[in-house]
Structures are given as structure tokens and as C-alpha cells.
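**Student:** I need the structure of the sequence given here:
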Amino acid sequence: MPDIFVMIRTQDDVALTSIEGIAFVAFLTQQGRVLAEEPIELIFADAGFDDLPLAKYTVVVKHECVEPPEVAYDVTINAPDDVFFLKFIYLEPERVFLQIQAAVEKRL
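**Tutor:** Predicted structure coming up:
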């Protein structure tokens, strides 16, 4: 079954685990409804949504101390062996969202 992995990184590609001691939180939503909520892990700055059915989803990352406090990315899972990697990148000193780097790989 497909998976979506979320990573939070700085502009220098360093794990950004928290800001002011508060962890980021990732949400998996579908048509505005929250399906799952995962705190971003405090060592590797990542979270995962595993064994998902084929469908369209939105991944939302939230943190109250960054601008904007919520960033979303749409994912469409079309194949049962897809693994999505979403890297949310922030400019750390200014606490500003920069970009999302997305990649899809096939499960081995």
C-alpha cells in the first residue's frame, strides 16, 4: 500500500525538529476532513502516513511560530506501490516557509 513521508528541513537541508520547543504537526486530509494527525518526530523531523488507499489527499503542516502557520500540498496516489516524499523547507532564522520538494518512488 502507498505511503506518504513528510520531512521538515531548514534552508541548509538540516532537520528542523521544533521551534521554541514546539514540534511541527502534519495532517492528512481528504475533502477538508482530517484523516490522521502526526506530530513531527523530534529526532529526525519526519512523520509518515502508511498503507493508504488510492485516492487524492492533502498533506498539511502546521506550526504557530512560522509564516504562514499552515502549508498544504495535494497528493494523488494512483498506484499501490507509490511512496511519496514531501520535504517542507523553512528559512530558519526568519521562520518563513520557502518551498516544498516532492518526489515519488516505487516501493521495492
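
**Student:** and V14, how far is that from M7?
**Tutor:** 11 Å (Cβ to Cβ, to the nearest Å). (Each C-beta comes from the backbone N, C-alpha and C, glycine too.)

**Student:** Between the two, which is the more surrounded one?
**Tutor:** M7 (22 against 10; other Cβ atoms under 10 Å).

**Student:** State the pLDDT value of that one.
**Tutor:** pLDDT recorded at M7 is 98.

**Student:** ok, it to I19 distance?
**Tutor:** According to Cβ to Cβ, M7 stands 15 Å off from I19.

**Student:** Now do the end-to-end distance for stretch 75-82.
**Tutor:** One end of stretch 75-82 to the other measures 11 Å (Cα to Cα, to the nearest Å).

**Student:** Identify the residues contacting V6.
**Tutor:** By Cβ atoms under 8 Å, 6 or more residues apart in numbering, the residues touching V6 are A26, E38, I40, D46, A47, G48, F49, V59, V61, L86, F88.

**Student:** The residues you listed, buried ones only, as a ChimeraX selection?
**Tutor:** The buried residues among these can be selected in ChimeraX (16 or more other Cβ atoms under 10 Å) with this line:
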select :26,40,46,47,48,49,59,61,86,88
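
**Student:** Dump the contacts of V6 to JSON lines, plus secondary structure and distance to A102.
**Tutor:** JSON lines is the format used below for the contacts of V6 (DSSP: H, G, I helix; E, B strand; the rest coil; distance: Cβ to Cβ, whole Å):
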{"residue": "A26", "secondary structure": "strand", "distance to A102": "14"}
{"residue": "E38", "secondary structure": "strand", "distance to A102": "18"}
{"residue": "I40", "secondary structure": "coil", "distance to A102": "17"}
{"residue": "D46", "secondary structure": "strand", "distance to A102": "14"}
{"residue": "A47", "secondary structure": "strand", "distance to A102": "15"}
{"residue": "G48", "secondary structure": "strand", "distance to A102": "15"}
{"residue": "F49", "secondary structure": "strand", "distance to A102": "14"}
{"residue": "V59", "secondary structure": "strand", "distance to A102": "10"}
{"residue": "V61", "secondary structure": "strand", "distance to A102": "13"}
{"residue": "L86", "secondary structure": "strand", "distance to A102": "5"}
{"residue": "F88", "secondary structure": "strand", "distance to A102": "10"}
